[in-house]
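Q: got a structure for you, letters missing:
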């Protein structure tokens, strides 16, 4: 198959989003007939219809919807290339893209990267951070979407090289007045009688908690699913559920309304890793950042 033309893909995405060739032409300052010719050549190139003409516009076919998703990804990649190259034109000395878990982002990674960038030799390096769940982080590094991943070491990272990073400790957070609040520590099994507020079910910690529950012949009762720990703590504070969170994300001021209970399990202490495809192929800026972050690992 011949290479796709980015201009045609950009017009195709615009047509799909507006549902109308004429409106897409107005946005791009191109006559509709020219767009129609490009779309016809695109359909010929892929060998299948991409759009269904309706009375008041067009809609993508099933194949067209698939191409739309790929086209958006290709255009996003092209935009990143342009942005990265502009950084060099502007005098930048490097670009590093990091995919990181919500725990790493919330606890320490942003501060650690900021410290790195404040150091004189590193001020011209650009670092982009993107939050992902751990399985997506590993997949993204394998596929070359980013230079560096930061995730829990329990994630399947086969085929990647790693270096240690920081650690955290899981605990149980409950509202004051909750039946568990009187205890000095709890076992995970003790929490399964109560409803939980959880992160997305495909996040590494939730997958692990579900496995631990199954090993006990139980399941986690998910009352609320949120995208970050701050939201989880708000739900607990409202008295709707309890949660398993890293101790490091709970601010001291939150303890006025919450009880933070140690989780008496051998897996409560988690180790985070830096993962990448090959240390020898890391760009100099990425290698500098890896060395800085790895230096923060506890002994």
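A: Perfect, I can see it now. Because the structure is predicted, anything quoted here is derived from the model rather than measured.
Q: ok now the lengthiest helix in the chain, how far from the chain's centre?
A: If you go by DSSP state H, the chain has its longest helix at helix 62-89. Put simply, helix 62-89 sits 18 Å off its chain's centre (C-alpha atoms, centre = their mean, to the nearest Å).
Q: Show me which residues of that helix are buried.
A: For helix 62-89, burial by neighbour count (16 or more other C-beta atoms under 10 Å) applies to 64, 67, 68, 71, 74, 87. Any C-beta I mention is one placed from the backbone N, CA and C, and that applies to glycine too.
Q: helices and strands around it, which ones?
A: helix 6-18, strand 94-100 (3 or more C-beta pairs under 8 Å, 6 or more residues apart in numbering; DSSP states H and E).
Q: Any chance of TSV for the ones you listed, columns distance to residue 158?
A: Shown next, in TSV, are these (distance: least, C-beta to C-beta, whole Å):
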stretch	distance to residue 158
helix 6-18	34
strand 94-100	17
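Q: Could you dump the ones you listed into CSV and include distance to residue 281, mean neighbour count and mean pLDDT?
A: CSV is the format used below for the helices and strands packed on helix 62-89 (distance: least, C-beta to C-beta, whole Å; neighbours: other C-beta atoms under 10 Å; pLDDT from 0 to 100):
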stretch, distance to residue 281, mean neighbour count, mean pLDDT
helix 6-18, 27, 19, 91
strand 94-100, 13, 22, 91
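Q: quick one: which of the ones you listed is nearest residue 58?
A: Closest approach to residue 58 among the helices and strands packed on helix 62-89 (C-beta to C-beta): helix 6-18, 6.3 Å.
Q: now for that closest one, which elements pack on it?
A: Packing partners of helix 6-18 (3+ C-beta pairs under 8 Å, 6+ apart): helix 21-28, helix 32-46, strand 57-60, helix 62-89.
Q: With mean pLDDT and distance to residue 229 as extra columns, can I get these in TSV?
A: Below are the helices and strands packed on helix 6-18 laid out as TSV (pLDDT from 0 to 100; distance: least, C-beta to C-beta, whole Å):
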stretch	mean pLDDT	distance to residue 229
helix 21-28	88	40
helix 32-46	90	44
strand 57-60	90	38
helix 62-89	79	28
